[in-house]
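Undergrad: Compute the structure for the input listed below.
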Amino acid sequence: MSITLGPNRYGKAETRVVRIDRDSPRHEITDLNVSISLSGDFADTHLTGDNSNVLPTDTQKNTVYAFAADGIGPIEEFGSRLAQHFVETHPPTRQARVAIEEYGWLRLHVGTAPALHSFLRSGPEIATAVVDFDGASLTVVSGIQGLVVLNSTDSEFAGYTKDRYTTLPETDDRILATEVSARWQYANGQLQDWRQSRTAVRAILLETFAGTYSKSLQQTLYTMGERVLEQRPEVAGIRLVMPNKHHIAVDLRPFGLENRKEVFAVPDRPYGLIEGTIGRSGVATPGLDW
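TA: Residues are numbered from 1 along each chain as shown. As a prediction, this is how the structure comes out:
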């Protein structure tokens, strides 16, 4: 029997770094979680324990801090700088992946004026970016996690398959709630205005969710992705993950009360999980692989 080493990679996961820009009395904060993964000529460290080609993960962590000292900017740009650095300065590395989460902070107010150096961590929403560089091509995937949205009406669910185990009644009016996780790959890894593009994609997702009469969460997911591709030519494809956050009308009759679709229980599990990738015909989007 022949035994071989398959695909492998290594890196430094979840390096937390915060940068405070102090160029003026009005400070700015950038809060990141950076994960690095390298692949290449690393078989010997697995097979014989020879570490001569291994760039320590502690060095990778220190590189994040050093690059942050020069300024961070958009996370797609910061990830691109790091990925290219590892491939171009460490020959055994043939491909580098840098995955970044960015946590938002809101500026507090003193009276009616915005504070100069006081902040409040914003809600569950996280901006993400994953950058891959193989020495020749740069693949950039931006994303959002934890975007919680709800439509209180204009959603139905009917006409589905029923079998002996089906108990769910059809409805022509339900709450549609979800927590959107979106990832979109750019057709050009050298896009100039990352922040403007991210802001635009996020706005399209929200506007489409709010403006779509939903016959299923699947239909809503597809429509959201379709609108992004229609309006943002720099986006090659988008993948959406949207759990169905169920809201179940509470039976108030035992208490002598009527529930006029106003009081709901919200179980956290189990939940429906809807996933889909929407792309342009003939355009490959390896960064969105399942």
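
Undergrad: and the helix or strand that contains Val130, which residues are buried?
TA: Assigned by DSSP states H and E, Val130 belongs to strand 113-133. Neighbour counts over strand 113-133 (16 or more other C-beta atoms under 10 Å) mark Phe119, Glu125, Ile126, Ala127, Thr128, Ala129, Val130, Val131, Asp132, Phe133 as buried. Every residue, glycine included, has its C-beta placed from N, CA and C.

Undergrad: Same check on stretch 12-22?
TA: Lys12, Thr15, Val17, Arg19.

Undergrad: just to revisit the earlier point, mind saving the C-alpha coords of the strand holding Val130 as PDB?
TA: Extracted C-alpha coordinates of strand 113-133, given in PDB (Å, rounded to 0.1, in the frame of the first residue of the first chain):
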ATOM      1  CA  ALA A 113     -21.600  66.700  18.700                       C
ATOM      2  CA  PRO A 114     -19.700  63.500  17.600                       C
ATOM      3  CA  ALA A 115     -17.000  62.500  20.000                       C
ATOM      4  CA  LEU A 116     -13.400  62.900  18.800                       C
ATOM      5  CA  HIS A 117     -12.100  59.700  20.400                       C
ATOM      6  CA  SER A 118     -15.000  57.700  21.900                       C
ATOM      7  CA  PHE A 119     -16.600  54.700  20.100                       C
ATOM      8  CA  LEU A 120     -19.300  52.100  20.400                       C
ATOM      9  CA  ARG A 121     -18.900  48.600  18.900                       C
ATOM     10  CA  SER A 122     -21.600  48.300  16.200                       C
ATOM     11  CA  GLY A 123     -23.900  45.300  16.000                       C
ATOM     12  CA  PRO A 124     -23.300  41.700  14.700                       C
ATOM     13  CA  GLU A 125     -22.500  42.800  11.100                       C
ATOM     14  CA  ILE A 126     -18.900  42.000  10.100                       C
ATOM     15  CA  ALA A 127     -17.200  43.000   6.800                       C
ATOM     16  CA  THR A 128     -15.000  40.200   5.300                       C
ATOM     17  CA  ALA A 129     -12.400  39.800   2.600                       C
ATOM     18  CA  VAL A 130     -10.500  36.800   1.400                       C
ATOM     19  CA  VAL A 131      -7.500  37.300  -0.900                       C
ATOM     20  CA  ASP A 132      -5.600  34.600  -2.800                       C
ATOM     21  CA  PHE A 133      -2.300  35.200  -4.600                       C
END
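
Undergrad: Run me through the strand neighbours of that strand, direction for each.
TA: Using DSSP bridges, strand 113-133 pairs in its sheet with strand 93-110 (antiparallel), strand 138-151 (antiparallel).

Undergrad: Now find how far off-centre it is within its chain.
TA: 13 Å (C-alpha atoms, centre = their mean, to the nearest Å).

Undergrad: ok so, going back, which one of the buried residues of strand 113-133 is nearest Trp105?
TA: Using C-beta to C-beta, Phe119 comes nearest to Trp105 of the buried residues of strand 113-133, at 4.2 Å.

Undergrad: For that closest one, give me its contacts.
TA: Neighbour list for Phe119: Ile29, Trp105, Leu106, Arg107, Leu108 [criterion: C-beta atoms under 8 Å, 6 or more residues apart in numbering].

Undergrad: Perfect, I'm done here.
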